[in-house]
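Q: Predicted model and sequence follow; I will ask about them next.
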Amino acid sequence: MGEAVYYLKARFVSPSERLKTEVTDFFTEGANAYDFWQMGQGNDHGKFWTAFKEEFPLIYKMLAAEGLADEENNNNLSGKLNFGDLSGIAENLTFHKEILYYSAEVWHYANWAPIANFLESEFGATAARWVSSEYVDHFDLLHV
């Protein structure tokens with residue numbers, strides 16, 4: 001399975017300590033939801049979603065906003081639940097003033113648009129953007 005480093009930045013207006021904790025908890029919930037999904041692939045999707053919704057309410061809400069909740073749970077969620085390793089969240093998720101920075105090594109076909117969209121709709125980010133290391137040409141960053 002190919003992997004890439006993904007980077008996300010989100011801007012908030014004067015984020016409180018409570019908001020920072022809630023956002024960190026969201027990423028933690030996402031990493032745990034990914035593990036749950038990996039263990040539950042192929043199971044009866046009715047039972048899967050009932051348990052998923054109870055265990056991971058924020059992630060369920062994020063998926064519902066994207067039209068992905070309560071659907072077939074095998075491939076529909078591929079790339080949408082790649083939050084990175086649980087152990088890396090504390091190290092790789094930081095706030096500097098009003099900007100959230102997060103990076104993680106994930107599946108190289110991951111799509112962080114649902115995460116970015118949810119940071120805006122649920123947590124009030126004024127902008128959230130992401131990029132994969134596979135999409136960046138480092139020569140473009142050099143100005144000569």
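A: Noted; the coordinates are in hand.

Q: Show me the shaky parts of this protein.
A: 1, 41-45, 73-74 (pLDDT under 70).

Q: What ranges does it have for its helices?
A: 17-40, 45-55, 57-65, 86-92, 113-123 (DSSP state H).

Q: Would you mark the buried spots in the shortest one?
A: If I follow you right, that is helix 86-92. For helix 86-92, the neighbour count (16 or more other Cβ atoms under 10 Å) marks 88-89, 92 as buried. The way it works is simple: take the backbone N, C-alpha and C, and place the C-beta from them, glycine included.

Q: what's the answer for stretch 118-131, then?
A: For stretch 118-131, by 16+ other Cβ under 10 Å, it's 118-119, 123, 125, 128, 130.

Q: In this structure Lys9 contacts Arg129, no?
A: Yes: using Cβ atoms under 8 Å, Lys9 is in contact with Arg129, at 5.8 Å.

Q: Count the residues that sit near Thr94.
A: 13 (other Cβ atoms under 10 Å).

Q: Does it touch Tyr101 like I think?
A: Yes: with contact defined as Cβ under 8 Å, Thr94 and Tyr101 form a contacting pair (5.1 Å).

Q: Roughly how far does the residue lying closest to Ala127 once chain neighbours are set aside sit from Asn82?
A: Leaving aside its chain neighbours, Ala127 sits nearest to Arg11 (4.8 Å; criterion: Cβ to Cβ, 6 or more residues apart in numbering). From Arg11 across to Asn82, the span is 22 Å (Cβ to Cβ, to the nearest Å).
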